[in-house]
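J.: Structure for this input, please:
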Amino acid sequence: MLDVMPTVPTQALIGGEWLNAESGRRFDVRDPATGNVIASVSDCGEVETLAAIAAADAALAAWSAEPASGRARILRRWADQMIERADELAWTLTRENGKPLAEARGEVLYGASYLHWFSEEATRVYGDVIPAPGSDRRIIVTKSPVGVCAAITPWNFPNAMLIRKAAAALAAGCTLVAKPAAETPLSALLAARIGMEAGLPAGVFNVVPGTDAAEIGRVLTSSDIVRKLSFTGSTGVGRKLIAQCAPTVKRLSMELGGNAPFIVFDDADLDAALDGLMASKFRNAGQTCVCANRVYVQDGVIGEFAERLAKRVATLNVGPGDRSGTEIGPLISEAAFAKVERMVSDALARGGRVLTGGAKHPAGELFYQPTVIDGVTADMDVMRDEIFGPVAPVAGFATEAEAIQMANETEYGLAAYVYTRDLGRAWRVGDALAHGMVGINEGVLSSPAAPFGGVKQSGFGREGSRYGLDDYLDVKYMLMGGLSA
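T.: A predicted model of the protein is given here:
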């Protein structure tokens, strides 16, 4: 593992060139563990975004005409080089995001797995010949790339969320303009440089960093050239982007907020449930869209489960991500920290009880103690809204029907988790949950082979799997007539 931060690009990548913002403006990227500035990055806006769109448009014809096998080879090289340079990428990610190095390295490898997956799927974009209503005709269905695409990615998984989108778009033959989060642009810029070194043609993959997300988003959404937008972020921002895309009728993929229920029945393997909850809830200090947000435990085992959970959470090692043994890093910003404090205070004011944690951690300004609260009720903020912090609220339930009702009482529908050893119950509850992904006796859902995405106000569209590739392809039907002798 590296012990110093590698040299990382700090300019926009547009048409294969590294360019400063025309305005000359730059913005600081800070390490959330220390508050120290780790880089100064070009602060791009309308001019650079328009240039990136034009570069992607200029590269589209050649890239979409490249045989699928050729695109696949480049994506595989990109993946292989990311794996070879995983330590470099992980170190950069930890410094700008704060997550432990082991988690950061896992994220890099996870991102690379999507490049490998979609490099193979690129060669499997199949059409159809459908029986026609007459013997002198044939119905032919083909698939073609949507065109120039845009991706707006979040700070919590700055490598994986970008690569997951880019892998599918590029495999399909699309070109891409990416806007990374201002908190974490370095991961995107370093991944882009590795992609260029792996053979990505100029203009196929462009990165526009900047602090004015609204301005860059306005340019991307209003462009007639950009035919698809993929966004990962909050539901509130997603609503605005959907509205902005309406005049140009873009294809959209929206991976929005979550409020995942984690349901433990009294017949569950409690050791497995605890393992699954620890993996789901406390990864990246609870700052994931699919992490367990509401923990529901059946009345017969809630006392034992909450006590054992609190003991395990109390042992979590909190500290800077680059320190050996760290399991919980800092929250991303002062606003994020204040939100967690506010939600915990609301729970306590309404009768919740802290079993462990519940306050700022002495490791630094943005560190919050891993926390377990029991006695929570449905009206508390920790049960109604996405926490995005290392806080596990635990509530009881009596019956299977009650658990399903409580789990579905939210506008969100991204991920859900169920622990039971009853096969019939697993199927019944899994089918009844109004969520796009359900982990049954599993606390980690993501895989490049599986369709990642939600329902209701958690969004639409899928990432990963063959369904994720379909989101970047248009279907064309051709009727061939005049075939009779």
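
J.: shaky segments in this protein?
T.: Scanning the chain for pLDDT under 70 picks out the ranges 1-5.

J.: How is it partitioned into domains?
T.: 12-256+458-476, 260-447 (automatic domain parsing).

J.: okay, how far is it across the last one, tip to tip?
T.: From the first residue to the last, domain 260-447 extends over 18 Å; the measure is CA to CA, to the nearest Å.

J.: now do stretch 60-74
T.: End-to-end for stretch 60-74, by CA to CA: 16 Å.

J.: Make CSV out of the domains of the chain and add mean neighbour count and distance to residue 483.
T.: C-beta here means a position set from N, CA and C on the backbone, and glycine is covered the same way. As requested, the domains of the chain are exported to CSV (neighbours: other CB atoms under 10 Å; distance: least, CB to CB, whole Å):
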stretch, mean neighbour count, distance to residue 483
domain 12-256+458-476, 21, 5
domain 260-447, 20, 43
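
J.: export the ones you listed to JSON lines and tack on distance to residue 485?
T.: Output for these, formatted as JSON lines (distance: least, CB to CB, whole Å):
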{"stretch": "domain 12-256+458-476", "distance to residue 485": "9"}
{"stretch": "domain 260-447", "distance to residue 485": "51"}
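
J.: So residue 229, which state does it fall into?
T.: For residue 229, the assignment made with DSSP: H, G, I helix; E, B strand; the rest coil gives strand.

J.: Look at the spatially most central residue of the chain and tell me its secondary structure.
T.: In the chain, the residue lying closest to the centroid (CA atoms, centre = their mean) is residue 161, at 4.5 Å. Put simply, residue 161 is helix when judged by three-state DSSP.

J.: show me the contacts for it.
T.: 153, 154, 232 (CB atoms under 8 Å, 6 or more residues apart in numbering).

J.: Hmm, the last one is touching residue 152, no?
T.: So the one you mean is residue 232. Yes - using CB atoms under 8 Å, residue 232 is in contact with residue 152, at 7.4 Å.

J.: circling back to that earlier point, and the gap between the residue nearest to the centre of the chain and residue 469?
T.: For residue 161, the distance to residue 469 equals 17 Å [CB to CB, to the nearest Å].

J.: One more: residue 252?
T.: Distance of residue 252 to residue 469, given as CB to CB: 16 Å.

J.: Kindly report the same for residue 340.
T.: Note on residue 340: its distance to residue 469, by CB to CB, is 37 Å.

J.: The strand or helix carrying residue 372 pairs with which strands?
T.: Taking DSSP states H and E as the definition, residue 372 sits inside strand 371-374. Counting by DSSP bridges, the strands paired with strand 371-374 are strand 353-356 (antiparallel), strand 391-397 (parallel).

J.: Including distance to residue 320, could the ones you listed go into CSV?
T.: Listed next are the strands paired with strand 371-374 as CSV, based on distance: least, CB to CB, whole Å:
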stretch, distance to residue 320
strand 353-356, 21
strand 391-397, 20
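
J.: Residue 172: which of those strands is closest?
T.: Checking the strands paired with strand 371-374 against residue 172 by CB to CB gives strand 391-397 as the closest, at 39.1 Å.

J.: Tell me which of the contacts of residue 161 fall in strands.
T.: residue 232 (DSSP state E).

J.: show me the contacts for residue 197.
T.: Going by CB under 8 Å, 6+ apart, residue 197 touches residue 81.

J.: So what does it look like in phi/psi?
T.: When read as degrees, to the nearest 10, the backbone of residue 197 gives phi -70, psi -20.

J.: Relative to residue 77, how far out is it?
T.: From residue 197 across to residue 77, the span is 9 Å (CB to CB).

J.: what does residue 360 give?
T.: Taken as CB to CB, the span from residue 360 to residue 77 is 45 Å.

J.: what does residue 273 give?
T.: Per CB to CB, residue 273 is found 41 Å from residue 77.

J.: and what of residue 194?
T.: Residue 194 sits 10 Å away from residue 77, going by CB to CB.

J.: who are the neighbours in contact with the closest residue to residue 64 other than its chain neighbours?
T.: Nearest non-adjacent residue to residue 64, counting by CB to CB, 6 or more residues apart in numbering: residue 173, 3.8 Å away. Counting by CB under 8 Å, 6+ apart, residue 173 makes contact with 63, 64, 66, 68, 71, 144, 145.
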